[in-house]
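Chemist: Okay, sequence plus prediction incoming.
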Amino acid sequence: MKLNSKFHDKFSTYAILTFLSVLMGAPLLYIVSIALASDETTYMATFTLIPKEFHFENFVRVFQLDLNFLKFTINSLILVIFSIIGQVVSSSMVAYGFARLRGPGKNVLFLILLSTMMIPGEVTMIPSFVIFKYLGWINTMLPLIIPNFFTNAFNVFLLRQFISRIPVELDEAAQMDGLGFFGIFVRIILPLIKPALIAIAIFTFTWNWGWFMGPLIYINDVDKSPLALGVQILSATSSSGQVPPWNLVSVGSLLLTLPMLIVYFFGQKYLDEFGLMSGGSVGIK
Amino acid sequence: MKKREAIWFYIMVSPWVIGFLIFTLGPMIYSFFLSLTNWDLFTTPQFIGFKNYVDLFTKDKIFWKTLRNTLYYAILSVILWTIISLYLANLLNKPFKGMRTYRTLLYIPATVPVVATALLFSRMFAPDSGLVNRFLALFGINGPPWLLHPDWVIPALILMSLWGVGAGVTLLLAGMKGIPTEFYEAAAMDGANSRQQFFKITLPLLTPVIFFNLVMDVIGSLQTFTQVYILTRGGPNNASQMIVLYLFDNAFRWYKMGYASAIAWILFAISLIFTALIFRSSSLWVHYESEIKKS
């Protein structure tokens, strides 16, 4: 009886998960199928779920358009790389300060930091635009990149948790050996929080690689667009009567998705390690 | 020593403090001032008091529609998202072989950037040729025109958001892994079946994680922009117009900066109200078990 119900549980679990995986996987297969479709099929909108045509040349064609996809990709890489550098450097500094050092007003500052997590970015959107306009940074990557050098509350919060789990004795021993606060940060803390820094880098990558609203507001020249904006422009180029080149748009979408998948697969190890060390999840106590 | 430590503290936290002043506090004050003005970005702002707020609530019919759409979308999608991700996480937490693979499969859609998801679902939801309606046709169901119909556009957006539910699943699973297996073993000894184990052990112990996710998901879905910008631009007939899209249109299409700033503050107020409600209610359902040690 007991064995029977366990078998039943196992069977139904696999059945449900397989069904859902197929359901969730279908759109992925569909986008690949559209990406490999001919222009004819695209025009007639007769796409199939299982690919019937294999126009792999679409992956080359997308780079030969008037819209410069190579440039879009490079722009995205520039945006992401500098954002990661900014976040990793600034969030580790700030998190170390909040986790290990004492100074007047620290608790108040940390409370303010936590409460900024609840402010929707849209509240500061218009004034930020005005500031960047005043600085002459419109139509450059700077409004998208520079704020990353001033960290964000979420990253600081996570890293501080992580640093708090490192035994303070290590700091004290280092202090005995004559290391200053900055020395402890660079020689003791930074090496020990490497997995967390990689996790922060992954988060920053995920947030910025597909970011649409920021580039939409700040970038005017098509050539300066990152990939997410570029793909959207391609889908919207044609006038209302025309059919957008959905096959090439889908190729663009796949180009946009692929790096996310790669980062997920290679980064999972670090995210898991980070999750375990920082207490199972981001949950607040 | 103490003084030196304090100096280093300020040096270390200075990137955030400076960033907070330049990119958060300053803009917030400025934004509130702008919300009391009439400003087209080029001439000098004209002070008009609370007229923008009054107009939004008394004259602007589209704004009311926008509020309704955003709340409808946010509340329904967060509820469904929470229930489905709990259900899936509980399935994936079972000690069977191959769960890691399923977890990965279900997570992949969550890695697809919103722009790509939206463009893909514009094809999925195409009335005649789209995958969704062709699937429904297999069962003899004549699918609705989804994004083209005022009543169906928000359900379509909610369905689309559920495609990425794997992200929520992963967070909950991490929380579930922190629950000691002895709890389940003891419960099984007492004859609790898996449903009872879920409702008596997993769910209560997971409430702090659910609580945190709920706050973040509500704030996040109130800010929905990219999907609607790409798929519908708020249409048809403003049936999918959302707060942030309306804010964006006012600011960057019609250059009504003051009006848009007022919308931003209303969005902020709504986020705060929701956060406060969730916090207030938390004592009723969030379960804190201090003795549980996470490895």
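Modeler: Cool, the structure landed.
Chemist: How about the contacts made by residue A:226?
Modeler: For residue A:226, the contact set (CB atoms under 8 Å, 6 or more residues apart in numbering or on different chains) comprises A:72, A:75-76, A:79, A:211, A:215, A:219. C-beta coordinates here come from the backbone N, C-alpha and C atoms, glycine included.
Chemist: ok, those vs chain B, which is closest?
Modeler: residue A:211 (8.4 Å; CB to the nearest CB).
Chemist: Quick check: which ranges of the stretch 151-295 of chain B have low pLDDT?
Modeler: Filtered on pLDDT under 70, the stretch 151-295 of chain B yields the residue ranges B:289-295.
Chemist: For chain A, what's the nearest residue on it?
Modeler: residue B:178 (3.6 Å).
Chemist: That residue: neighbour count?
Modeler: Neighbour count of residue B:178, defined by other CB atoms under 10 Å in any protein chain shown: 19.
Chemist: So what does residue B:37 have for phi and psi?
Modeler: Torsion angles at residue B:37 (phi, psi; degrees, to the nearest 10) stand at phi -130, psi 170.
Chemist: quick one: which helix or strand includes the most centrally placed residue in chain A?
Modeler: Relative to the mean C-alpha position of chain A, the nearest C-alpha, by CA atoms, centre = their mean, is the one of residue A:206, at 0.9 Å. Secondary structure from DSSP states H and E places residue A:206 in helix A:194-209.
Chemist: Which positions in that helix come out as buried?
Modeler: Neighbour-count burial for helix A:194-209, with 16 or more other CB atoms under 10 Å in any protein chain shown as criterion, is recorded at A:195-206, A:208-209.
Chemist: Can I get that helix in PDB, CA atoms only?
Modeler: Once non-C-alpha atoms are left out, helix A:194-209 reads as follows in PDB (Å, rounded to 0.1, in the frame of the first residue of the first chain):
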ATOM      1  CA  LYS A 194      35.100  35.800  -5.100                       C
ATOM      2  CA  PRO A 195      32.100  33.500  -5.700                       C
ATOM      3  CA  ALA A 196      29.700  36.300  -4.500                       C
ATOM      4  CA  LEU A 197      31.500  38.800  -6.800                       C
ATOM      5  CA  ILE A 198      31.000  36.400  -9.700                       C
ATOM      6  CA  ALA A 199      27.300  36.200  -8.700                       C
ATOM      7  CA  ILE A 200      27.100  40.000  -8.700                       C
ATOM      8  CA  ALA A 201      28.700  40.000 -12.100                       C
ATOM      9  CA  ILE A 202      26.100  37.500 -13.400                       C
ATOM     10  CA  PHE A 203      23.200  39.600 -11.900                       C
ATOM     11  CA  THR A 204      24.600  42.700 -13.500                       C
ATOM     12  CA  PHE A 205      25.000  41.000 -16.800                       C
ATOM     13  CA  THR A 206      21.400  39.700 -16.700                       C
ATOM     14  CA  TRP A 207      20.000  43.100 -15.800                       C
ATOM     15  CA  ASN A 208      21.800  45.000 -18.500                       C
ATOM     16  CA  TRP A 209      22.100  42.700 -21.500                       C
END
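Chemist: Run the contact check for the next helix-or-strand element following it versus chain B.
Modeler: On the C-terminal side of helix A:194-209, the closest following helix or strand by DSSP H and E is helix A:213-218. Yes - judged by CB under 8 Å from any CB of the partner chain, helix A:213-218 comes into contact with chain B at A:213, A:216-217.
Chemist: Also stretch A:8-20?
Modeler: Yes - contact of stretch A:8-20 with chain B (CB under 8 Å from any CB) involves A:9-10, A:13-14, A:16-17, A:20.
Chemist: Of those - the most surrounded one?
Modeler: The residues of stretch A:8-20 next to chain B, ranked by neighbours (other CB under 10 Å): first place residue A:17, 22 neighbours.
Chemist: is it true that that residue touches residue B:92?
Modeler: Yes - with contact defined as CB atoms under 8 Å, residue A:17 and residue B:92 form a contacting pair (7.4 Å).
Chemist: who touches both of the two?
Modeler: B:102, B:106.
Chemist: hang on, the earlier thing: I'd like the residues of stretch A:8-20 next to chain B laid out as JSON lines, including pLDDT and secondary structure.
Modeler: Formatted as JSON lines, those follow (pLDDT from 0 to 100; DSSP: H, G, I helix; E, B strand; the rest coil):
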{"residue": "A:9", "pLDDT": "81", "secondary structure": "helix"}
{"residue": "A:10", "pLDDT": "86", "secondary structure": "helix"}
{"residue": "A:13", "pLDDT": "91", "secondary structure": "helix"}
{"residue": "A:14", "pLDDT": "93", "secondary structure": "helix"}
{"residue": "A:16", "pLDDT": "94", "secondary structure": "helix"}
{"residue": "A:17", "pLDDT": "94", "secondary structure": "helix"}
{"residue": "A:20", "pLDDT": "94", "secondary structure": "helix"}
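Chemist: Which single one of those residues is nearest to chain B?
Modeler: Among the residues of stretch A:8-20 next to chain B, residue A:17 lies closest to chain B (CB to the nearest CB), at 4.6 Å.
Chemist: Spell out which parts of the stretch 51-200 of chain A neighbour chain B.
Modeler: A:90, A:93-94, A:96-98, A:101-104, A:106, A:109, A:112-113, A:116, A:118-131, A:147, A:149-151, A:153, A:156, A:180-182, A:185.
Chemist: Pipe the residues of helix A:213-218 next to chain B into CSV and attach pLDDT per row.
Modeler: Formatted as CSV, the residues of helix A:213-218 next to chain B follow (pLDDT from 0 to 100):
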residue, pLDDT
A:213, 95
A:216, 96
A:217, 96
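Chemist: Please produce JSON lines containing the residues you listed, extended by neighbour count.
Modeler: What follows is those, written out as JSON lines (neighbours: other CB atoms under 10 Å in any protein chain shown):
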{"residue": "A:213", "neighbour count": "20"}
{"residue": "A:216", "neighbour count": "18"}
{"residue": "A:217", "neighbour count": "19"}
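Chemist: Show me which of those is closest to residue A:36.
Modeler: Residue A:36 lies nearest to residue A:216 out of these, by CB to CB, at 28.9 Å.
Chemist: I am finished for the moment; much appreciated.
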